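**Student:** I would like the atomic coordinates for the input below:
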Amino acid sequence: MNVLKLKNNLFRDGNDIISYETVVARIEGSDLIELGKFTKTTAKHIHYVAALYNLNLIRADKDNRPYFCEFEYGVKCTAPGSLSKETSTVLSTLMQNQDLTYIQALASLDKVPARDQKLINQYLADNGVPMENFEKLKKWYARKSLVA
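**Tutor:** Model prediction:
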């Protein structure tokens, strides 16, 4: 459940950026590596991610990049198990602006829709994070926000 929904048809799964159903770019350090030639919408997605995370965009080699147009006319895709766009956007911002890990960012969220909370709980269980430890971290972030 490490999948973030950044926009409609745009997802982040770890360091992979997925537009529609295709991995179109990869985050490597402070760079966003474009993996091919894409539709206008997907190119906009790639530029959006570069701006969102303040990454240097490394374009694919013009002569040797694969061409992608499977969904040229547009469709709405979903990534099973992805958090909502709103929660994903907040998480992405926290991870970028406060240099937090994924779990730290999850713990610092104020309010989470029930569907997202269920996914978060499953992610914690799948990754061996004891709920009592996570709750302590949440309380720490809640106190920290009161002081700031």
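**Student:** How about the strand ranked longest in the chain, which residues are buried there?
**Tutor:** Scanning the chain for the strand with the most residues, using DSSP state E, yields strand 22-28. Neighbour-count burial for strand 22-28 flags 22, 24-25, 27 (criterion: 16 or more other CB atoms under 10 Å). Just so you know, the C-beta spots here come from the backbone N, C-alpha and C atoms, and that holds for glycine as well.
**Student:** ok, residues contacting the helix or strand following that strand?
**Tutor:** Sequence order places strand 31-34 as the next helix or strand after strand 22-28, per DSSP states H and E. The contact list for strand 31-34 (CB atoms under 8 Å, 6 or more residues apart in numbering) reads 17, 24-27, 46, 49-50, 53, 55-60, 65.
**Student:** Which among the residues you listed count as buried?
**Tutor:** 17, 24-25, 27, 46, 49-50, 53, 55, 60.
**Student:** List just the nearest of those to residue 109.
**Tutor:** Closest approach between the buried ones among the contacts of strand 31-34 and residue 109, by CB to CB: residue 53, at 18.5 Å.
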